[in-house]
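1. Below: sequence and its predicted model.
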Amino acid sequence: QVQLVESGGGLVQPGGSLRLSCIGSRMVFNAYHMAWYRQAPGKQRELVAIITNTGQIDYVDSVKGRFTVSRDNAKNTLFLQMNSLKPEDTAVYYCNAEITFPKVTYWGRGTQVTVSA
């Protein structure tokens, strides 16, 4: 069974930075589109950043210019560098792996990011 394990969350002051990591196991990592989602209390889960298996990248508008997604296929690891963090970035951040056809999706358990003074 594919396993995704996130790390790197925590409490940070506004304007600070965090780097999230997601390690995948029992999978052919470079075959998957990888993404970060987040879910704030009382809100729906939203896509934050995606990096496809060919390296195409996209972000939700609210994080453009502040967050950077990357992947190291040799280490089966997905990253999210988050800079200039805002209180509205507070959420549980989830790692997602997906193959489009046939559609297969896996989720990590999430890591909490709290931005507060």
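-> Alright, I've got the coordinates. Only a predicted model underlies this, so the values are computations on that prediction, with no experimental measurement involved. Numbers count the residues shown, from 1 in each chain.
2. Just want the most central residue of this protein.
-> Central residue of the chain (CA atoms, centre = their mean): Trp36, 2.5 Å from the mean position.
3. Isn't that residue up against Ile51?
-> No - when contacts are counted by CB atoms under 8 Å, Trp36 is not listed as touching Ile51 (9.1 Å). C-beta coordinates here come from the backbone N, C-alpha and C atoms, glycine included.
4. any common contacting residues for these two?
-> Counting by CB atoms under 8 Å, 6 or more residues apart in numbering, the common neighbours of Trp36 and Ile51 are Val69, Leu78.
5. what residues are up against the residue nearest to the centre of the chain?
-> Residues in contact with Trp36 (CB under 8 Å, 6+ apart) are 20, 22, 47-50, 69, 78, 80, 93-96.
6. Am I right that it sits in a strand?
-> Yes - assessed by DSSP: H, G, I helix; E, B strand; the rest coil, Trp36 belongs to a strand.
7. can you pull up the bridge partners for it?
-> For Trp36, the beta-bridge assignment (DSSP bridges) gives partners Ala49, Cys95.
8. okay, stretch 71-79 in PDB with CA atoms only?
-> Extracted C-alpha coordinates of stretch 71-79, given in PDB (Å, rounded to 0.1, in the frame of the first residue of the first chain):
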ATOM      1  CA  ARG A  71      10.200  17.300  -5.900                       C
ATOM      2  CA  ASP A  72      13.200  15.000  -5.600                       C
ATOM      3  CA  ASN A  73      12.300  11.900  -7.400                       C
ATOM      4  CA  ALA A  74      15.500  10.200  -6.300                       C
ATOM      5  CA  LYS A  75      14.500  10.600  -2.700                       C
ATOM      6  CA  ASN A  76      10.700  10.000  -3.200                       C
ATOM      7  CA  THR A  77      10.100  13.400  -1.600                       C
ATOM      8  CA  LEU A  78       7.800  16.300  -2.300                       C
ATOM      9  CA  PHE A  79       8.500  19.800  -0.800                       C
END
